[in-house]
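>>> here is my input, please return the structure:
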Amino acid sequence: MLRPLFCLSFLAFLTVEGWSQGYRPPVTGVGIVYNTETTFNFRLTTNRAYALGVEFGRLRTYYKTTSFNFSFGELKSPKEQRQSADPAASRSFRPYVFGKQNNLFMLRSGWGVKRYFSEKAKQKGVAIGMNYSIGPSLGLLKPYYLALAYTNPDDPRNFRVLHQKYSDGNADVFLNNTRILGASPLTRGISEITLLPGASGAISMHIDWGAFDEFVKALEIGFMLDVFLKEAPILVEQNSPMFFNFFVNLQLGKRK
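Below you'll find the model as predicted:
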């Protein structure tokens, strides 16, 4: 599945580059009003994940902007299945993901290019373009803790609750739905974070309601790819070093 997507991305890139090299729109009445732009981004992906970020752009021409971007968010496995906490437990617990052993938080950075296909009307209309970026990323793996019920062999109705991460020693309990009460607080395991280097790339259709106005109001729809040097151990089993997601990104900001 990934090979056709890579081909599609490459063809889209060639299309934009060919358009920019082979076609120059008329410059009558067109001028660069602003030199830089700063936007704040909110991105939602198909795997129910999110990212918050900031992008710093420089308007090279009326139709081309280069940028640096930084973002932070969570990356989830497409195999995650969220389940409700045990309603019969004596304490309240959060819903949990069965078979999950790590949360994967992402620090992404990248260099990008945004190109508009046509001029936006001075007072009305929408500018359409394409945005693509690539750069290094850093994954933050935080152990995923569950509230587990350890029963008393002499009295199964009595149990004690332990908050534990996955290990070979507790696999029979950690992977037993009847012993899981729910997810532990998200802050548990922060001191045990490990790093996972990688790279990220994205390509999207850019729709701007204020392409040449002082205030940026834009929406992006596209797909992104995260790649790591080794498998990202989000789940106990069936992990991968690559994650593909479609996304919707809202941009709000200002030009100077």
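>>> who's in contact with the residue nearest to Glu237 when sequence neighbours are not counted?
Excluding the flanking residues, the one nearest Glu237 by CB to CB, 6 or more residues apart in numbering is Gly99, at 6.8 Å. Where you see a C-beta, it was placed from the backbone N, CA and C, and this is true even at glycine. When contacts are counted by CB atoms under 8 Å, 6 or more residues apart in numbering, Gly99 touches Leu175, Leu235, Val236, Glu237.
>>> for the last one, which three-state class applies?
Judged by DSSP: H, G, I helix; E, B strand; the rest coil, the three-state class of Glu237 is coil.
>>> quick one, helices of the chain?
2-22, 171-174 (DSSP state H).
>>> now tell me which of the ones you listed the model trusts least on average.
Among those, helix 2-22 has the lowest mean pLDDT, at a mean of 43.
>>> residue farthest from the centroid of this protein?
Asp154 (47.9 Å; CA atoms, centre = their mean).
>>> per-residue pLDDT of that residue, please?
71.
>>> what does it show for phi and psi?
Asp154 adopts backbone torsions of phi -80, psi -20, taken as degrees, to the nearest 10.
>>> also Pro233?
phi -80, psi 70.
>>> identify the residues contacting Ala183.
Ala183 makes contacts with Ala85, Phe93, Arg94, Pro95, Tyr96, Val97, Tyr144, Tyr145, Leu146, Ala147, as judged by CB under 8 Å, 6+ apart.
>>> partner residues bridging it?
Arg94, Leu146 (DSSP bridges).
>>> now do it against Ser92, distance only.
11 Å (CB to CB, to the nearest Å).
>>> overlap in contacts, the two.
Ala85.
>>> related to what we said a few turns ago, so for the contacts of Gly99, which is the shakiest by pLDDT?
Glu237 (92).
>>> quick one: neighbours of that residue, just the number.
9 (other CB atoms under 10 Å).
>>> against Lys217, how distant is it?
On the measure of CB to CB, Glu237 and Lys217 end up 44 Å apart.
>>> same deal with Asn170?
Asn170 is 50 Å from Lys217, by CB to CB.
>>> just Leu140 next, same as before
32 Å.
>>> of these two, who's got more company?
Remark: of Leu140 and Lys217, Leu140 carries more neighbours, 18 against 15, as counted by other CB under 10 Å.
>>> ok, now which ones touch that one?
Leu140 neighbours (CB under 8 Å, 6+ apart): Leu104, Phe105, Met106, Leu107, Ile193, Thr194, Leu195, Leu196.
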